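# pasting the structure only:
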């Protein structure tokens, strides 16, 4: 990298724009932000805000389910809550949070001055708040928010009021944002690495995001196609999903899940990357099987395109197709198992210390693996036909998304926040956040496995009395889990931003008095051009 690029990065970090003038301050600094760190902050703040909004919806759902009968709301509103909780958490919380991490860390990890397309980076963030306003605003239009489930299945989605149109528009905008963000990430990683950093020397977080960005570009247009067809069915007299006009509602499911299954890997691959950074640091030895981690990540991404119909075992597909999707789904557990093996092998005989980032990373591995096993069980067609649309499925994907994506995000925050803020968070409070989250998470979602096995369907506002006990346990756990995240904001994040003990240059090197003495693979700390070979 040339010295000008380094100066350019230096200027940005010291409040100068490209021409050496003083950069705007206050709100305009963020409105016109082209600095990857500012944009990373914007994404993270937005994602946490949406996490809180989605969490309130989840607590309303759990409050209604505390006992049988209708307590707080009509079934229509309950269904609006389940739909919006899913959409807000997936598109508003998890994905933007990982994009925030990508913006912050990728340029730093590959030695780039900034992201490749700084203005597009700004635009791809500022598409998110209007989309969020559209999505949340749909509660206040006639008929309320869409109640078709976060999957927006036809024919339900073709019958609803204007809230459905707002949801479609919001998802379109968020999809455009994702595609622009992905183009930016791919270009940055492929074109802006420091001299000497080959692809196979990149940090794992960069690898997982490179693959995730390709997945996003591949599947976001598919989702856009599905909801556009829904829109034309609603307003322009087409019959894509209307059987009376020669269409097929099951076709909607095929198109949606061709997006939806790679999407769940979009939400977990960056988490794998974060954990693959943290475990070696706190085990004080290099990542075991780096190359196999890269290949496993790629395998997961490729296989994710051929398993979509395992969400559709009850739609009456031919037995041959059921067998294919069952075996393909089981196959995806192999590269995932390779990853878990590599993390455990990295920790094996390491000089481990358990600061909060490592606690969340180990917690992630443990609980994510449980979610993976229930996924393997659901891959078995005859079992899935029994468990389809029960609380067993709800338990499965929350183990993967909450204990997977969310725990990894927490781990990444604790690990990198000294670099971001310049201050150390409070270690005791971090540990309280971890143990509280882990315990309340399991109190909330573990009983749901039993509810599902006993036959309780999801997305119902009422249930028979036999399910009461497990539902009450789950509701108590959910409120505990929600309070732990408020605690995280008030006791960890805000004090860390406002100040505290200044972070050292390498905050984790001397953790618990242990030094990591393994030689680093290549000297990336220099920005000199490589010598020209004549």
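It's in. Quantities reported herein were computed from a predicted structural model and do not represent experimental measurements. Numbering: from 1, shown residues only.
# List the buried residues in the host helix or strand of residue 366.
Secondary structure from DSSP states H and E places residue 366 in helix 356-379. Residues of helix 356-379 classed as buried: 356-365, 367-372, 374-376, 378-379 (neighbour count, 16 or more other Cβ atoms under 10 Å). Yep, even glycine has a C-beta here, placed from its N, CA and C like the rest.
# ok, now which ones touch residue 466?
By Cβ atoms under 8 Å, 6 or more residues apart in numbering, the contact list for residue 466 reads residue 454.
# Equivalent analysis for residue 163, please.
80, 138-139, 141, 143-146.
# which element is it on?
Going by DSSP H and E, residue 163 is part of helix 162-191.
# all helices for the stretch 151-300 of the chain, in order.
All helices of the stretch 151-300 of the chain, identified by DSSP state H, counting those that start in this stretch, fall at 162-191, 204-235, 249-266, 269-283, 290-303.
# Ok, which of those helices comes nearest residue 400?
helix 249-266 (7.2 Å; Cβ to Cβ).
# Who are the packing partners of that closest one?
Applying 3 or more Cβ pairs under 8 Å, 6 or more residues apart in numbering; DSSP states H and E, we find helix 249-266 packed against helix 204-235, helix 290-303.
# Need the winner for burial among these.
helix 204-235 (a mean of 21; mean count of other Cβ atoms under 10 Å).
# Return the list of helices and strands in contact with that helix.
Counting by 3+ Cβ pairs under 8 Å, 6+ apart, helix 204-235 packs on helix 95-110, helix 162-191, helix 249-266, helix 269-283, helix 290-303.
# for those helices, which one sits closest to residue 448?
Nearest of these (Cβ to Cβ): helix 249-266, 17.9 Å.
# Would you mind getting the angle between the closest one and helix 356-379?
Per axes from the mean of the first three to the mean of the last three Cα atoms, to 10 degrees, the angle that helix 249-266 makes with helix 356-379 is 150 degrees.
# Contacts for helix 249-266 next, please.
Contacts of helix 249-266 (Cβ under 8 Å, 6+ apart): 90, 95, 151-155, 157, 212, 215-216, 218-220, 222-223, 225-226, 229-230, 240-243, 300-301, 304-305, 307-312, 315-316, 397, 400-401.
# Give me the distance from it to the chain's centre.
Computed by Cα atoms, centre = their mean, to the nearest Å, the separation of helix 249-266 from the middle of its chain amounts to 17 Å.
# Report the buried residues of that helix.
Buried, per 16+ other Cβ under 10 Å, within helix 249-266: 249, 252-266.
# I'd like the average pLDDT over stretch 389-409.
Averaged over stretch 389-409, pLDDT sits at 97.
# gap between the two ends of it?
28 Å (Cα to Cα, to the nearest Å).
# Off-centre distance for it?
The chain centre lies 11 Å from the centre of stretch 389-409; the measure is Cα atoms, centre = their mean.
# how about that stretch: buried residues?
For stretch 389-409, by 16+ other Cβ under 10 Å, it's 390-409.
# Tell me which of those fall in helices.
391-400, 407-409 (DSSP state H).
# and which of those is nearest to residue 199?
The nearest member of those to residue 199, counting by Cβ to Cβ, is residue 408 at 22.6 Å.
# how close does residue 185 sit to residue 259?
19 Å (Cβ to Cβ, to the nearest Å).
# on that earlier part again, any idea how far the helix holding residue 366 is from the middle of the chain?
So, by Cα atoms, centre = their mean, the centroid of helix 356-379 is 14 Å from its chain's centroid.
# re the thing from before, ok, which of the helices and strands packed on helix 204-235 comes nearest residue 66?
helix 162-191 (26.4 Å).
# Report the contact partners of the nearest residue to residue 55 once chain neighbours are set aside.
Spatially, and ignoring its direct neighbours in sequence, residue 55 is nearest to residue 482 (5.2 Å; Cβ to Cβ, 6 or more residues apart in numbering). Residues in contact with residue 482 (Cβ under 8 Å, 6+ apart) are 55, 58-59.
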